[in-house]
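1. from the sequence below, what's the structure:
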Amino acid sequence: MRRLVQAGPWLVAKPDLETVLERLLQIACETTGARYAALGVLDAERSAIEKFVTRGLSDRAVQHIGAPPQGRGILGRLISDPRPLRLHDLTAHPEAFGFPPSHPPMHSFLGVPIVIDELAWGNLYLTEKEGGGDFTAEDEEAVVLLADWAAVAIEHARVLEAAGRREHELARSLRRLQAMQTVAAAVGAQTDLQKILELIVEQGSALVDADATLVMLAGGSELRVSVAAGAATVPKDPEVGIAATFAGRVLTECESLRLDELQGEQRRQAGDLGVAKAHAALLVPLVYRGNAIGVIAAFDTRDGSGFDDEDEQIMTAFAAAAAAAVATAQSILADRLRHSLEAAEAERKHWARELHDETMQALGALKMIASSARRSDDPDTRAKGLDALVDGLELEIENLHAIISTLRPAALDDLGLRPAIEALAEQQQVANGFDVRLHLRLPDPAKSERRLRPEFEVAIYRLVQEGLSNVAKHARANHVDLTVSANDRQVNVKLVDDGVGFDATRPAAGYGLTGMRERAELLGGRLELQSGVGGTVVTASLPVAYVDAAAALEPAAEQEGAGERTSLAGYWLRRLTRKPPAKRL
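-> Okay, here's the model as predicted:
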């Protein structure tokens, strides 16, 4: 009795059902002196044994005996009539079914049902009492009490196990919901295609607990592996054919594919995708408005259980949201590229008109003056023609200097960002009549040992230049506040005007704002715009990068100025200012 009282709380405290069953058999043997013990768990219909746990038999003996009993003979009687049963020799009972070969001899027997909620859950079997005697009434009473304890412990373990499964399912559902929400939010908040693909592959991997996940995008007759997560890596040759591949089949048929065991050619194709030694796969198409634009592929679950129907359903739903995000980002990327090309072409047309309408015509007029002076025999006429030619050349040289300064001011290379912005602001005030109030907190190369990297100085100058140009063209403003400040983390540019404003939610007709935004994003920054009645506020933030000030004073035109210095303006300036060869003097 003391042994049973001690065992009760221990059995109830253990949440693991397997541990409870093993401990239960151990206590039964210790309490009754039985050499062998077994516990048969009934199936859902309570007509046969579904699970059979033993004690006293070695693993080798169990293996030699073969298949466990199904619930016939004496064991079947306890199932049909769940009451305690004691026998002197079970082999002599008329309902005995006999033992299989290699089964050890057993005679004395005690069987007790385990009842949970008035329903038989299983039976506890004891055989071969020590000393060769029979099991007593006291043994039966102890085992019945132990069976009652077992019923409580088993039900407790089953409740905890079910709660654990529900908790696991709830956590899994929560992860899936979070993944869906993250991708759905990315549709409206994120426009960078690469970042969206990275987010999709990470969330998709967590969604089905995959060991390796990748995203492929369609292009022509091929799929391109764009991103990978987990054990997957983007292969050196990321292009895979659509024809005759399981990934291509998913794309062309727009249907998901679950492969429980990759074989031969399928495993080789998985290796081509950057997933070595894959065993199982789940592939779903990225379909947007009826068009397949890519494929999400997951390989092997981390726990080795494989993908199931629920994984396929949730991944298919996830892929629908992911496809919308990818298609939106691709559309924005195409629009940006188109705007960039249009902006570049518009800029070329502008400078072509500038050189053709102004410089080329002026040079043509000077050529006529020079030709007229050369043909004239009158010294005064030739002198006046040469004077007019010199004056015209000086004027055109100044015009070309102005063009080149607009393309890339010398002050930016020689003196730094602050003087260049100050000169630009003064030029805009004189040319357009609005007041520019400067608030510059930038390192002074003459006083500081560091200076912003050339590409950042160029980007900031261009942002300010384009911002002031937009004010001059559209704002009809009287005052502009311009703030440019740099700290150890970032550079901030803020331009505020008191002009008429515009509807910032509508696409801009020109390319100025598009160019400003793209210039900021190329350096990892961002640009924000607010406009309405009373003015416009343009704010840009860029990550900061410094270099040694002395080194930065060397010509810094490598990033942007190299192309600009070889422009038509630079060509004509060199033609007009170079010294003539000695033989012409």
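
2. for the strand or helix carrying Gly271, what is the average pLDDT?
-> Gly271 is part of helix 264-272 when elements are defined by DSSP states H and E. The average pLDDT within helix 264-272 is 89.

3. okay, buried residues for that helix please.
-> Within helix 264-272, the residues scored as buried using 16 or more other CB atoms under 10 Å are Arg267, Gln269, Ala270, Asp272. Where C-beta positions appear, they are placed from N, C-alpha and C, glycine not excepted.

4. in CSV: these, plus distance to Thr54.
-> Listed next are those as CSV, based on distance: CB to CB, whole Å:
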residue, distance to Thr54
Arg267, 40
Gln269, 47
Ala270, 43
Asp272, 50
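
5. which stretches of the stretch 51-200 of the chain have low pLDDT?
-> In the predicted model, the stretch 51-200 of the chain carries pLDDT under 70 at residues 71, 98, 172, 175-191.

6. rerun at 90
-> Applying pLDDT under 90 to the stretch 51-200 of the chain flags the ranges 51-83, 85-107, 111, 113-125, 129-134, 136, 138-200.

7. how about the strands in it?
-> 85-87, 109-116, 119-129 (DSSP state E, counting those that start in this stretch).

8. quick one: closest of those strands to Lys494.
-> strand 109-116 (72.9 Å; CB to CB).

9. which residues touch the closest one?
-> For strand 109-116, the surrounding residues in contact (CB atoms under 8 Å, 6 or more residues apart in numbering) are 32, 34, 39, 74-75, 78, 82-87, 89-90, 120-127, 129, 135, 139-140, 143-144, 146-147, 150-151, 154-155.

10. quick check: angle from it to strand 119-129?
-> Calculated by axes from the mean of the first three to the mean of the last three CA atoms, to 10 degrees, strand 109-116 forms an angle of 160 degrees with strand 119-129.

11. neighbouring strands - and their directions - for strand 109-116?
-> When pairing is defined by DSSP bridges, strand 109-116 lines up against strand 85-87 (antiparallel), strand 119-129 (antiparallel).

12. a markdown table for those strands, including mean neighbour count and distance to Glu18?
-> Converted to a markdown table, these look like this (neighbours: other CB atoms under 10 Å; distance: least, CB to CB, whole Å):
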| stretch | mean neighbour count | distance to Glu18 |
| --- | --- | --- |
| strand 85-87 | 18 | 26 |
| strand 119-129 | 21 | 14 |
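
13. a markdown table please, covering those and showing distance to Glu394.
-> A markdown table is the format used below for the strands paired with strand 109-116 (distance: least, CB to CB, whole Å):
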| stretch | distance to Glu394 |
| --- | --- |
| strand 85-87 | 124 |
| strand 119-129 | 108 |
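
14. thinking again about what came up before, how far out from the middle of the chain is the helix holding Gly271?
-> Taking CA atoms, centre = their mean, to the nearest Å, the mean C-alpha location of helix 264-272 is offset from the chain mean by 25 Å.

15. helix or strand right after that helix?
-> By DSSP H and E, the next helix or strand past helix 264-272 is strand 281-288.

16. give me the sheet partners of whichever helix or strand comes after that next one and which way each runs.
-> Next helix or strand after strand 281-288 toward the C-terminus (DSSP H and E): strand 291-301. Sheet pairing here is set by DSSP bridges, and for strand 291-301 it gives strand 210-219 (antiparallel), strand 281-288 (antiparallel).

17. CA atoms of strand 291-301 as PDB?
-> What follows is strand 291-301, C-alpha atoms only, in PDB (Å, rounded to 0.1, in the frame of the first residue of the first chain):
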ATOM      1  CA  ASN A 291      -0.100  35.000 -65.100                       C
ATOM      2  CA  ALA A 292       2.600  32.900 -63.500                       C
ATOM      3  CA  ILE A 293       5.600  35.100 -62.700                       C
ATOM      4  CA  GLY A 294       7.600  32.700 -60.600                       C
ATOM      5  CA  VAL A 295       7.800  29.800 -58.200                       C
ATOM      6  CA  ILE A 296       8.400  29.300 -54.500                       C
ATOM      7  CA  ALA A 297      10.200  26.000 -53.700                       C
ATOM      8  CA  ALA A 298      10.600  24.500 -50.200                       C
ATOM      9  CA  PHE A 299      12.700  21.500 -49.600                       C
ATOM     10  CA  ASP A 300      12.700  19.100 -46.600                       C
ATOM     11  CA  THR A 301      11.100  19.900 -43.200                       C
END
